[in-house]
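Enquirer: Fold the following and give me the result.
(one chain, ligands or ions: 1)
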Amino acid sequence: MAVIEVDMKRKLVEMALDARDLAYAPYSHHRVGAALLGKNGKIYTGCNVENAAFTPSNCAERTAVFKAVSEGEREFQAIAIVGGIGDRSELSICPPCGVCRQVLREFCPLDFPILLAKDPDHIESYTLEELLPLSFGPEFLPGEK
Ligand code: THU
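Expert: Prediction:
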């Protein structure tokens with residue numbers, strides 16, 4: 001696993017918090033932000049984007065992954081995720097949903113660091129394997145990634 005320096009972890013959380021400010025969540029009011037560090041050093045942010053028909057809504061993490069992949073990056077070093085109802089001072093840890101864990105599984109190794117934070121001073125780090133044990137991934141299928 002690539003070691004992510006403390007300053008980079010803090011930067012990712014700050015960028016995730018800024019991305020959260022852009023969340024479109026008029027139905028749940030649960031605003032989520034993500035910041036995904038590409039192997040190329042670029043940071044791709046995302047927020048949740050809800051929809052009146054509910055099903056088309058997209059999570060912050062998937063917004064970030066799909067932005068990155070659509071811009072040519074498919075390898076990642078870490079992701080920071082923040083979310084919750086209310087303002088920044090009211091946040092607690094916001095774990096990614098199962099669908100987003102599976103989307104990360106497509107592009108990230110099992111030791112990929114997932115940073116869950118309330119703020120830059122309170123960051124918990126988990127691996128993808130810890131959050132998605134016994135997972136199904138691209139290596140089970142014959143296609144080229
Ligand atoms: N949400 C995310 O953006 N990421 C997650 O991993 C969990 C849930 C969003 C989806 C929806 O807009 C709102 O939070 C409430 O579920």
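Enquirer: wait, is residue 8 part of a helix?
Expert: Yes. Using DSSP: H, G, I helix; E, B strand; the rest coil, the secondary structure at residue 8 is a helix.
Enquirer: surely it meets residue 43?
Expert: No. Residue 8 is not in contact with residue 43 according to CB atoms under 8 Å; the separation is 9.2 Å. From N, CA and C alone the C-beta is placed, and that goes for glycine too.
Enquirer: and for these two, which residues touch both?
Expert: residue 37 (CB atoms under 8 Å, 6 or more residues apart in numbering).
Enquirer: Pick out whichever of these two has more residues nearby.
Expert: Neighbours were counted for residue 8 and for residue 43 using other CB atoms under 10 Å; residue 43 has more, 21 against 17.
Enquirer: so that one touches residue 13, yeah?
Expert: No. With contact defined as CB under 8 Å, residue 43 does not count as touching residue 13 (11.3 Å).
Enquirer: The chain: helices as residue ranges?
Expert: For the chain, the helices defined by DSSP state H occupy 6-20, 60-70, 98-107, 128-131.
Enquirer: want to throw those helices into a markdown table with distance to the ligand and mean pLDDT?
Expert: Formatted as a markdown table, those follow (distance: least, CB to the nearest ligand atom, whole Å; pLDDT from 0 to 100):
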| stretch | distance to the ligand | mean pLDDT |
| --- | --- | --- |
| helix 6-20 | 9 | 98 |
| helix 60-70 | 4 | 98 |
| helix 98-107 | 5 | 98 |
| helix 128-131 | 11 | 98 |
